[in-house]
Structures are given as structure tokens and as C-alpha cells.
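> Here's my sequence, what's the structure:
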Amino acid sequence: MKLIADSGSTKTHWCVIEDKKILKEIFTKGINPFYQSKEEIENELRNNLVPFISEFLINEIHFYGAGCAFEEQKTLISHIFQPFYPKASIKVESDLLAAARSLFGYKKGIACILGTGSNSCLYDGEKIVMNVPPLGFILGDEGSGAVLGKKLVADVLKNQLPQELSTNFLSQYHLNIEIILENVYKKPFPNRYLAQFTPFLKENIQHPSIHNIVYTAFNDFFIRNISQYLSKENVPVAFVGSIAFHFSEILKKVASEKQIVISMIRQQPMEGLITYHSEN
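Below you'll find the model as predicted:
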């Protein structure tokens with residue numbers, strides 16, 4: 001039996017599979033070795049994963065995670081899993097490779113993630129051959145939920161939106177400037193905090209000022225990321241992630257204006273990963 005995990009900044013999606021069949025599916029908090037200690041990750045597995053899949057004999061673990069692009073973090077996650085599953089083969093890869101395998105399998109393409117964070121790569125059907133660094137929501141992460149939330153909050157607090165919209169936003173989330181600044185600058189996971197406001201954008205997308213926030217963020221994503229891959233190779237472009245899925249109409253509009261056809265948009269990569277690992 002195989003345990004597949006897709007871990008983003010907000011949540012981790014786990015599936016126990018056998019012969020393409022899902023035997024158990026659960027969700028836990030996001031696991032990211034850049035932001036969490038070894039003890040925190042161990043506790044999450046011990047309390048919220050292992051007890052719920054104890055009836056299954058796991059012999060392969062495929063963990064894909066944000067913050068797992070480098071060997072140090074891959075080794076750390078592998079070592080955390082080992083005591084829980086000493087007989088299992090454990091492979092740890094980045095969430096970006098998860099997106100590429102889910103979207104393209106063994107074919108070439110430009111794989112993009114638009115969720116709490118954003119990322120992208122040129123994939124040759126086996127491995128990532130080029131990656132424009134995402135840089136996080138302060139320096140990059142164009143088009144991500146965190147950046148959309150950041151722009152929305154900044155426009156509210158700097159009086160850049162119609163007064164009615166700003167008032168509705170602050171009222172709906174029970175916010176004021178002190179609460180926002182406390183959460184963004186003093187509390188952990190400000191990216192998650194800001195990304196939680198994207199439903200407000202979706203609910204009010206008919207307003208030009210709100211539409212412009214999303215449109216501009218997606219336009220920046222194509223200009224600063226996708227254009228670099230297309231200058232190297234003309235291959236299909238596909239997306240995975242909640243932001244890409246829920247704002248797909250605007251995403252496709254931006255792409256169309258740049259003569260780019262989006263071949264697929266998936267809300268989450270798990271379906272494609274199950275297919276990929278069932279064929280391996």
C-alpha cells in the first residue's frame with residue numbers, strides 16, 4: 001500500500017492507495033520544514049495522521065511538500081517519518097514536482113501552482129529543468145492567495161477601494177488596522193492569514209476595483225514567470241491550486257490576451273498523483 005501526501009502551506013492532503021483505489025483520505029495541517037520545527041511536525045503526524053491509518057500496512061510513502069525543494073529539508077522529513085514506518089520506502093519531493101507530475105505525468109509542460117503561495121517550472125516529463133524562484137509573498141508569489149490578500153488588505157487600509165467595499169470587508173471579518181497589523185507582522189504564518197481573505201475577492205469580483213486586483217496579480221505571474229519558460233520552449237501550460245481553480249475565468253482571460261492556452265486547471269494535484277503512482 002502507498003501513502004501519498006500533498007502538503008501546502010495551509011493543509012496536507014493524505015491518501016492511502018492500492019491499485020488506483022483510495023482506501024483512506026484525510027486532511028491535516030500544512031507541513032513545512034522551513035516554518036516548523038522537527039518536534040512540531042512529529043506531533044502533527046503522531047496525533048493527526050498515524051492513528052487514523054494504523055490499520056493499513058504502508059510500504060511506500062510519497063510526500064510532496066512546500067519547503068521540500070532542498071536535500072536538507074527532504075532528509076529531515078524522511079527522518080521524521082522513519083520511526084513511524086520503519087519498513088517503508090520514503091521519498092520526499094517538492095510540491096512543485098507534485099504539480100508537474102499531476103498535470104503532465106510523463107509529458108513536457110509548464111506546471112504552475114496558484115494557491116496560498118505560487119510557483120512554476122519547466123518540466124521535461126521526468127524532472128524539473130527550470131524554476132523561476134517564487135521568493136515568497138513579500139518578494140514574489142505573484143498571483144497567490146497571500147499576495148491577493150495582501151493587496152486587498154492594503155487597498156482597504158489605504159482607502160483605495162470604494163468605501164462600501166472597505167466597510168463590508170472590515171465588518172465581515174471583524175477587523176481593524178490594529179488586528180491586521182498584529183497578525184501580519186507579529187504572528188506566525190502571515191501568508192495563511194492574508195490568503196484567508198480571497199473568498200471576499202470571489203464574492204465581489206463584479207466590482208472593477210476587486211477584479212483589477214486579481215487581474216493584475218495574474219498578469220504579473222505570467223510576465224514575471226511564465227514568459228521566461230516560453231522563451232526557452234513552446235510547451236503546454238497548466239495550473240493546479242485553489243486560486244487558479246476559483247478564479248479560472250480571469251486566469252484564462254489573462255492567458256488568452258498573451259496568446260497562451262491553458263491546457264488544464266486542477267483544484268488539487270492528488271487525482272493526478274494517484275494516477276502517476278499507480279503506474280509506477
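
> how close does T10 get to V153?
Separation of T10 from V153 (Cβ to Cβ, to the nearest Å): 17 Å. Glycine gets a C-beta too; all of them are placed from N, C-alpha and C.

> which of those two has more neighbours?
V153 (23 against 20; other Cβ atoms under 10 Å).

> what residues are up against the more buried one?
I180, V184, L194, F197 (Cβ atoms under 8 Å, 6 or more residues apart in numbering).

> ok, now I177?
L157.

> which element follows the helix or strand where N212 lies toward the C-terminus?
Using DSSP states H and E, N212 sits within helix 208-221. Note on helix 208-221: by DSSP H and E, the next helix or strand toward the C-terminus is helix 227-230.

> For that next one, which outside residues touch it?
For helix 227-230, contacts defined as Cβ under 8 Å, 6+ apart pick out I110, S120, C121, L122, M130, V132, V235, V237, I260.

> how about that helix: buried residues?
Y229, L230 (16 or more other Cβ atoms under 10 Å).

> And for stretch 147-164?
So stretch 147-164, judged by 16+ other Cβ under 10 Å, has buried residues V147, L148, G149, K150, K151, L152, V153, D155, V156, L157, L161.

> Doesn't H62 belong to a strand?
Yes. The assignment for H62 is a strand, going by DSSP: H, G, I helix; E, B strand; the rest coil.

> Got the phi and psi for the nearest residue to it once chain neighbours are set aside?
Using Cβ to Cβ, 6 or more residues apart in numbering and skipping residues adjacent in sequence, the residue nearest H62 is I4, 4.9 Å away. Phi and psi for I4, reported as degrees, to the nearest 10, are phi -110, psi 130.

> Tell me the pLDDT of the residue nearest the centre of the chain.
Here the mean C-alpha position of the chain is nearest to the C-alpha of G115 (Cα atoms, centre = their mean), at a distance of 4.0 Å. Reading off the confidence values, G115 has pLDDT 90.

> One more: V235?
93.

> distance of the nearest residue in space to it that is not next to it in sequence from Q160?
Closest residue to V235 apart from its sequence neighbours, by Cβ to Cβ, 6+ apart: K108 at 4.8 Å. Distance of K108 to Q160, computed by Cβ to Cβ: 41 Å.
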